[in-house]
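Student: Below is the structure, and that's it, no one-letter string:
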């Protein structure tokens, strides 16, 4: 059974801090790892990672995949209150459907 | 920017009733999905759909569930006889080269 574990489960920081969120996985026939931000409702897509060691960056957010360690990190620099959300990690299989298996998420709270 | 849309945003139904949840995936995507999230729990995969047929389904997706693409744009999830435990947020997603994108969800409440 595919497994995705995120840590920490929750994190409280002050505006301006840098945070690192972790995701480790066990999946048969790994295809991709995806990060999402979930505020009130739907997961909003952040990154999709398929290759080890290549950093993806979008503004203050960046992410990297380590296939040897079966893990990924999501970094957020200079955090803002608007970054407060649940960050979800999901892995997809190399199958025709490429279903995603999600972790429990990290609840990030950024205080002013 | 194209996005996945879902209707209704909230559906309240009585136990035993049939419900149909609707989705319009991103137009050039070929893979479509339904996921659900029970309050306070993980997002769970239900079913994937490609080329007008189911490509994968989970253990949750039993005979009470069905999916359909009745025309070129809509993608529906039907629950034939709802149970209390079907109460959840249901997300539709579609996949393109850049990733898998989710709709805003339908909150289903079964009374």
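Tutor: Received the coordinates, thanks. All values derive from a computational prediction rather than experimental measurement.
Student: Contacts only, for residue B:75.
Tutor: B:22, B:23, B:24, B:25, B:32, B:49, B:67, B:68, B:69, B:92, B:94 (C-beta atoms under 8 Å, 6 or more residues apart in numbering or on different chains). All C-beta spots, glycine's among them, are computed from the backbone N, C-alpha and C.
Student: If any of these are buried, give me the PyMOL selection for them.
Tutor: Buried residues among the contacts of residue B:75 (16 or more other C-beta atoms under 10 Å in any protein chain shown), as a PyMOL selection:
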select buried, chain B and resi 22+23+24+25+32+49+67+69+92+94
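Student: Residue of chain A nearest chain B, please.
Tutor: Here the residue of chain A nearest chain B is residue A:97; by C-beta to the nearest C-beta that distance is 3.4 Å.
Student: close enough to count as contact, that residue and residue B:58?
Tutor: No - here residue A:97 does not reach residue B:58: they are 10.3 Å apart, not a contact under C-beta atoms under 8 Å.
Student: And the two? Which one has more around it.
Tutor: Remark: of residue A:97 and residue B:58, residue A:97 carries more neighbours, 20 against 17, as counted by other C-beta atoms under 10 Å in any protein chain shown.
Student: In a helix, the more buried one, correct?
Tutor: No - per DSSP: H, G, I helix; E, B strand; the rest coil, residue A:97 lies outside any helix segment and is coil.
Student: Where does pLDDT dip in the chain?
Tutor: In the absence of a named chain, this looks at chain A. Along chain A, the parts satisfying pLDDT under 70 run over A:96.
Student: I was after chain B.
Tutor: In the prediction, chain B carries no residues with pLDDT under 70.
Student: tell me which parts of it are close to chain A?
Tutor: Residues of chain B lying near chain A by C-beta under 8 Å from any C-beta of the partner chain: B:31, B:33, B:35, B:42-45, B:48, B:50, B:55-56, B:58, B:89, B:91, B:95, B:98-105.
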